[in-house]
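Enquirer: Here is a sequence together with a model predicted from it:
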Amino acid sequence: MDLIFYLGNNDPKLPKFLERLGYAVIGTNSNVALPDFLSRTNVDLILIDGRVMGDVADLCSFFRSQENTRAIPIVCISPESSSDLYANDIIEKVDIVQAPFSVGSLAGHIATQLRLRKQAGNDELKGTLAEINAALRDHNERFRKELEEARAIQQSLLPRVLPADDRFDLAVSYQPLEEVGGDWYFASMDAGGQLALQIADVSGHGLSAAFIGSMTKLAMTVSGKTQPNELLSEMNKHLSEQIPAGRFVTMGGCRYDPATGKVQWARAGHPPALLLQRKAGAVRQVKGEGFPIGFDESGVFSLEEGLLEPGDALLLFTDGISEAQNRAMATYGIERLSAALKATPAAASATEMLRSILDDFNVFRQDRLLKDDVTLVLVKRKV
């Protein structure tokens, strides 16, 4: 976003118009603090309203004497009665806009000067400090916008609303390490009235991981399979030739029948699901076999089954939580995660159970920064 330094009166109409065109506008009606201001601020263009600013020639001379503004384009609004006021060699590279003028015409002058400046900057081998800073700001702004777009795309991979049913309680905790992460999850009710859950972890982080995550979600959508092991197998066929060398996706798929409590689970190199059995006071690891998606087009994935009694719960997670370390370099691990799941109150909701697990996790890691995305999906059978 180009930054315009506006010296004029207190009328907000012109700055507001420029902001609507996508410019950032800062300004002052006094030149008393200009040296200090310019030493701290890098602008892309200076707009002077000569109708109210007095001796514009002195102002332009001052800007041309400062390192940060020596090559910055200046657009000056000239009073209607002073058409020859700026016929002066001292005002170098100043674009004069004669009053009266339309705001559209003024915007055209500003856009032209900014475009010419950028073209000149591309042709020079060495730019001024202000030009270098401006280029860096442009790159940062472009990257920020691309990151926001990537994050919006990634958010579209996640369910907007979690499925709801009187027979089960479902909750999710999703903590991407960066603005754009490699984890994703999905939850839906299939045509047979069963709850389908998927959780995935793309190797790496950032934009590339998010892009591969989008590919994985698309492959899941077009697979047309409902049984977890068949779903993973079909996805793997679609993606093995598409995922770049050295990258892969671990994934787990679950199908839960609310009527019977039956659970079907398959995984592709992903951590096991944890099945909490309240009456037995135990947590069982539901494993299954299968390499991560993207390794081998002919990969085979086994199907594991379990049963949720009323009060039981199934926890899906990514290794961002199980492999996290505390300050003593100890790993949180699946055993401690299982113990935290087991310690959740029997009457707790799925959301409360996840909060209890994460409280234990946060105490363990002793405020140490996370090194991976952390995603948890928990379904609890109610009746």
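Expert: Arrived safely. Residues are numbered from 1 along each chain as shown.
Enquirer: Now for the residue nearest to residue 295 when sequence neighbours are not counted: which residues touch it?
Expert: Nearest residue to residue 295, sequence neighbours excluded (C-beta to C-beta, 6 or more residues apart in numbering): residue 248, at 6.1 Å. C-betas here are computed from N, CA, C, even on glycine. Each residue near residue 248 by C-beta atoms under 8 Å, 6 or more residues apart in numbering is listed here: 202-203, 269, 292-295.
Enquirer: Out of those residues, which is nearest to residue 27?
Expert: residue 202 (45.9 Å; C-beta to C-beta).
Enquirer: show me where the stretch 151-300 of the chain has strands.
Expert: 168-175, 183-189, 195-202, 249-256, 262-268, 273-277, 282-286 (DSSP state E, counting those that start in this stretch).
Enquirer: Any idea which of those strands gets closest to residue 326?
Expert: For the strands of the stretch 151-300 of the chain, proximity to residue 326 was assessed by C-beta to C-beta; strand 168-175 is nearest, at 17.0 Å.
Enquirer: got a list of contacts for that closest one?
Expert: The set of residues external to strand 168-175 that reach it, using C-beta under 8 Å, 6+ apart, is 158, 162-164, 183, 185, 187, 195, 256, 258, 320, 349-351, 353-354, 358, 370, 373-382.
Enquirer: returning to that earlier point: where's the dip in pLDDT among the contacts of residue 248?
Expert: Lowest pLDDT of the contacts of residue 248: residue 295, 80.
Enquirer: want to throw the strands of the stretch 151-300 of the chain into JSON lines with mean neighbour count?
Expert: Shown next, in JSON lines, are these (neighbours: other C-beta atoms under 10 Å):
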{"stretch": "strand 168-175", "mean neighbour count": "18"}
{"stretch": "strand 183-189", "mean neighbour count": "20"}
{"stretch": "strand 195-202", "mean neighbour count": "25"}
{"stretch": "strand 249-256", "mean neighbour count": "26"}
{"stretch": "strand 262-268", "mean neighbour count": "24"}
{"stretch": "strand 273-277", "mean neighbour count": "22"}
{"stretch": "strand 282-286", "mean neighbour count": "16"}
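Enquirer: Include distance to residue 223 when you put those strands into CSV, please.
Expert: Converted to CSV, the strands of the stretch 151-300 of the chain look like this (distance: least, C-beta to C-beta, whole Å):
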stretch, distance to residue 223
strand 168-175, 22
strand 183-189, 12
strand 195-202, 11
strand 249-256, 10
strand 262-268, 13
strand 273-277, 20
strand 282-286, 22
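Enquirer: With respect to residue 301, which of those lies nearest?
Expert: Closest to residue 301 of the strands of the stretch 151-300 of the chain is strand 262-268 (C-beta to C-beta; 4.8 Å).
Enquirer: list the helices and strands that closest one packs on?
Expert: Strand 262-268 is packed against helix 228-239, strand 249-256, strand 273-277, strand 304-307, with contacts defined by 3 or more C-beta pairs under 8 Å, 6 or more residues apart in numbering; DSSP states H and E.
Enquirer: Who does that strand pair with, and is each partner parallel or antiparallel?
Expert: When pairs are called by DSSP bridges, strand 262-268 turns out to pair with strand 249-256 (antiparallel), strand 304-307 (antiparallel).
Enquirer: Give me the angle between that strand and strand 195-202.
Expert: Angle of strand 262-268 versus strand 195-202, following axes from the mean of the first three to the mean of the last three C-alpha atoms, to 10 degrees, is 20 degrees.
Enquirer: what does strand 262-268 contact?
Expert: So strand 262-268 is contacted by 227-229, 231-232, 236, 249-257, 273, 275, 286-288, 290-293, 299, 301-308, 314 (C-beta under 8 Å, 6+ apart).
Enquirer: Ok, stretch 326-339 next?
Expert: The contact list for stretch 326-339 (C-beta under 8 Å, 6+ apart) reads 271-272, 274, 283, 285, 315, 317, 321-325, 357, 360-361, 364-366, 368.
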